[in-house]
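>>> Provided below for reference: sequence and predicted model.
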Amino acid sequence: MLSPTVARTFQKADGFLKGMDADSVATLTSAAADLTLLIDEDGKVHDLAFSNTDLAGEAVDAWIGRSLRVVVTDDSVGKVDAMFRETANGGSSRRREINFLGDEGNSLPVNCVAVRLDEDGRSVIFGRDMRGLAKLQQRLVNTQISMEREYTKLRQAEACYRLLFQLVGEAVLIVDANTMTVDDANPVAAELLDVPVAKIVGRRITHVFGAKDRDAVRAVLGSAQSLGKAEINDIAHDRFEAGLDAKVSLFRQADVAYFLIRLLPRGEGALPGVASQGGDVLEVIERLPEGFVIIDQQRRLKQVNTAFLELVQAASFEQVRDQPIDTWFERSSVDATVLVENTREHGQVRRFPTVLRGELGGSEPVEITSVSVPDADGQVYGLVLRRATRTPAEDTPINGFPAQSVEQLTDLIGHMSLKEVVRETTDVVERLCIEAALKLTGDNRASAAQMLGVSRQSLYAKMHRFSLGDLTSGDNDS
């Protein structure tokens, strides 16, 4: 019995294959692999055959008569030499993946094994086309990269959600609409109910409240499931004589329905800790050096800080209250629609670039980070607006003539009308031509004017317009 680690050869080939002519051998060898190469004693491709018709478009016939080391990529030359060394004493080589040069320089991966034919050094190489496997591997890599990218987005969105959920000044419970169990609770809710978060999460929502309020809680959740939102008043609570109010909203996430329940103490019995925490958060937001905005589903401003008022050159919140944020976007509803739709779909957007135009006509390039948060009325969006930090070469050419190359003119689209874009393009071409002429003539302005086909006075005027050269010194016309 042969060991499983030892290759097996034919034991009765003499009688069975005896008398085969060259054509029969050629048919047999060509059918044995996707690609078969006959290599002569000099290491050149004497002839080839392929059974995989996909190889017909790879210009493999051009390999005939050329050294095998020439028709493979540089990284495969060493593998070819190793194959020839292994077959030098007869027998076959081990399998190796060799990249051949296909049509138009494309890499053609082939899994090859070489078999020596005779003492003169002639050999046959049997190859298996690996392009299908390579494509599958590439798809796997791309899928893994895509999954990692989506996982990163999910982690970032969850981080934003957790931060807002922990800092919000109201008691909030998230309840699974199918199981009626509390899925999450913020610290304010734990303080309000005087129960640790760990003991609230996982309990049925009806058990969070007293026995006499459970029927009312079930009824209001049923109404919210049908109507999208509902309210219940006078929930009994030992710590609040006036009781609690609960506002319930239904929302969906990843095809799962949840209730968002906001608990509000009635009368003067609100917890000092709750009020102070909300006040601290508002104070932090107000003092942020970057603009902060809360907008509703119609993109209307509901809350802003002082930094945002400075960005849009507004005097007070009353001046901007309930105004669509589109009002200050240079591209109006285009940027606002893209930003809000992506935030609604993905939960958050990071570093969205746009330009704000203030009440007094000034403009400011900004980057916006946004997050979507469930609210009693549906969704609200929190936006942080940061002044964009760019190098001079990256400045968007909005006013005047800061563009230094034709490539930067693409940034004008959406910021200027077609007529203004054409004018800016003409200015760029004129400037580049004048600079080229001055460089070719060694800054000889008379020769440059002649080369450009304009008068010297016209050239000086354009140089002054574009701030080119030292116009206060004598002309270098010699």
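Right, received. Where do you want to start? Numbering: from 1, shown residues only.
>>> contacts, neighbours, all on C-alpha from now
Noted.
>>> domain assignment for the protein?
Domains of the chain are assigned by automatic domain parsing as 21-129, 168-270, 288-389, 392-478.
>>> quick one: low-confidence ranges for the stretch 151-300 of the chain?
Scanning the stretch 151-300 of the chain for pLDDT under 70 picks out the ranges 160, 167-168, 234, 236-242, 254, 266-282.
>>> now the strands for it?
All strands of the stretch 151-300 of the chain, identified by DSSP state E, counting those that start in this stretch, fall at 171-176, 182-185, 229-237, 240-253, 256-265, 291-295.
>>> nearest to Val208, of the ones you listed?
Comparing the strands of the stretch 151-300 of the chain against Val208 with CA to CA, the closest turns out to be strand 182-185 (8.9 Å).
>>> show me what the closest one is in contact with.
Contacts with strand 182-185, where a contact means CA atoms under 8 Å, 6 or more residues apart in numbering, come from 171-176, 197, 200-205.
>>> narrow those residues to just the buried residues.
Buried subset of these (neighbour count, 16 or more other CA atoms under 10 Å): 171-176, 197, 200-205.
>>> which one among these gets closest to Glu341?
Ile174 (23.9 Å).
>>> the closest one touches Leu260, doesn't it?
Yes - Ile174 lies in contact with Leu260 (CA atoms under 8 Å); the separation is 4.9 Å.
>>> name the nearest residue to Leu360, ignoring sequence neighbours.
Once flanking residues are discounted, Leu360 sits nearest to Gln313: 6.4 Å by CA to CA, 6 or more residues apart in numbering.
>>> give the contact list for that neighbour.
Counting by CA under 8 Å, 6+ apart, Gln313 makes contact with Gly358, Glu359, Leu360.
>>> and the gap between the nearest residue to the second one once chain neighbours are set aside and Glu364?
Spatial nearest neighbour of Glu359, excluding adjacent residues (CA to CA, 6+ apart): Gln313 at 5.3 Å. Counting by CA to CA, to the nearest Å, the separation of Gln313 from Glu364 is 11 Å.
>>> again with Val349
20 Å.
>>> for these two, work out which one has more neighbours and name it.
Val349 (22 against 16; other CA atoms under 10 Å).
>>> need the three-state assignment for the more buried one.
At Val349 the chain is in strand, as set by DSSP: H, G, I helix; E, B strand; the rest coil.
>>> would you agree it is in contact with Ser370?
Yes - Val349 is in contact with Ser370 according to CA under 8 Å; the separation is 5.2 Å.
>>> what's the overlap in contacts for the two?
Between them, Val349 and Ser370 share these contacting residues under CA under 8 Å, 6+ apart: Thr343.
>>> which residues in the stretch 51-200 of the chain form helices?
In the stretch 51-200 of the chain, the helices defined using DSSP state H, counting those that start in this stretch lie at 77-87, 131-167, 187-193, 197-200.
>>> out of these, which gets nearest to Phe292?
Closest approach to Phe292 among those (CA to CA): helix 131-167, 13.3 Å.
>>> Ala32 - nearest residue in space that isn't next to it in sequence?
Phe126 (7.5 Å).
>>> now do the contacts for that neighbour.
Per CA under 8 Å, 6+ apart, neighbours of Phe126: Ala32, Ala33, Asp34, Leu35, Thr36, Leu37, Cys112, Val113, Ala114.
>>> cutoff 10 Å now
29-38, 49-50, 95, 110-115 (CA atoms under 10 Å, 6 or more residues apart in numbering).
>>> with Arg300 instead?
Contacts of Arg300 (CA under 10 Å, 6+ apart): Val293, Ile294, Val320, Arg321, Asp322, Gln323, Pro324, Ile325, Asp326, Thr327, Val380.
>>> surely the first one touches Arg386?
No - Val293 lies out of contact with Arg386 (CA atoms under 10 Å); the separation is 11.6 Å.
>>> joint contacts of these two?
Going by CA under 10 Å, 6+ apart, residues that sit against Val293 and also against Arg386 are Ala307, Phe308.
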